[in-house]
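Asker: Need a 3D model of the sequence below.
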Amino acid sequence: MTDLGGRRAEIVALVQRQGFVTIEALAQQFEVTPQTIRRDINELAEEGILQRYHGGAALPSSVQNIAYSSRQILHLEAKQRIARAVAQHVPDHASLSINIGTTNEEIAKALMKHRGLSVITNNLNVANIMAENEDFQVIVAGGVVRARDRGIVGEATIDSISQFRVDIAVIGISAIDLDGTLLDFDYREVKVAQTIIRHARQVFLAADHSKLGRPAMARLGDMRDIDTFFTDLPPPPELCTAMTTTNTRLVLAGA
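Answerer: As a prediction, the model looks like this:
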């Protein structure tokens, strides 16, 4: 029988694929009682990972992201594989912009053995990680700090980033539509990410498979803005077609 943590991870994966799952179907699939499935769904809903509905569960609202503490551990192994793949494509002595996101925080850790990096970021967690390497120059963009995830947003952030032109922008994202549209939950965060993209010679997008087909309301851009997409599993055919059209390179972490 599937263990507790593994079962909940599989429930989340099913919801992401199907959009909605019933308690009855989940109970049959995992060979447990409906009450057990209800407890799983209740705890996942409390963490902001799923939304409860009568008789089943679906993805959270397109206007609200999963809680930061949950995002830190959700698909952590996949994020770490993606981070290692990104780090392999970043040369020593490069200049980088790194935006908000838990995947980007793993990328910051994976870059720590590099030499001579110059980094501008609106993510205080990334800044704290990378400042430990005395060979790095770390610049924190000004603006309003969000308490929930230590991301920095606002007009001052946009002004700060606009002063630089970097070799590589490393972008995290909350959702990717299967037509290649890049989506997020916070309009202020989107405006900063768009500025980062405009002021980079090359753009890396890093996102695990759970972001594919996920709903979010604010449009950041599309695959035309991305040079290389790093993810952990092969994307659906529709997204692969969109990437072929835009000449976006695909890197599968660990493949």
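
Asker: going forward, measure contacts and count neighbours with C-alpha atoms only.
Answerer: OK.

Asker: immediately after the worst-scoring helix or strand of the chain on mean pLDDT, which helix or strand?
Answerer: Between all helices and strands in the chain, the lowest mean by mean pLDDT, DSSP states H and E belongs to helix 68-73, at a mean of 63. Downstream of helix 68-73, the first helix or strand assigned by DSSP states H and E is helix 76-88.

Asker: okay, residue 1: pLDDT?
Answerer: Reading off the confidence values, residue 1 has pLDDT 39.

Asker: Residue 113: neighbour count?
Answerer: Neighbours of residue 113 under the rule other Cα atoms under 10 Å: 11.

Asker: My reading is that it lies in a helix. Confirm?
Answerer: No - checked against DSSP: H, G, I helix; E, B strand; the rest coil, residue 113 lies outside a helix; its state is coil.

Asker: can you offset everything so residue one is 16?
Answerer: Let's use 16 as the start, then, which means that last one is residue 128.

Asker: any idea how far it lies from residue 143?
Answerer: Counting by Cα to Cα, to the nearest Å, the gap from residue 128 to residue 143 is 15 Å.

Asker: doesn't residue 124 make contact with residue 144?
Answerer: Yes - counting by Cα atoms under 8 Å, residue 144 does reach residue 124; the two are 6.6 Å apart.

Asker: Please, which helix or strand holds the nearest residue to residue 41 once chain neighbours are set aside?
Answerer: Taking Cα to Cα, 6 or more residues apart in numbering, and ignoring the residues beside it in sequence, residue 41 has residue 52 as its nearest neighbour in space, at 6.9 Å. Per DSSP H and E, residue 52 falls inside helix 49-61.

Asker: right, and the helix or strand after that helix?
Answerer: Downstream of helix 49-61, the next assigned helix or strand under DSSP H and E is strand 66-68.

Asker: Partner strands of that following strand and their direction?
Answerer: When pairing is defined by DSSP bridges, strand 66-68 lines up against strand 71-73 (antiparallel).

Asker: Determine how far the strand it pairs with lies from the middle of the whole chain.
Answerer: Distance of strand 71-73 from its chain centroid, counting by Cα atoms, centre = their mean, to the nearest Å, is 22 Å.
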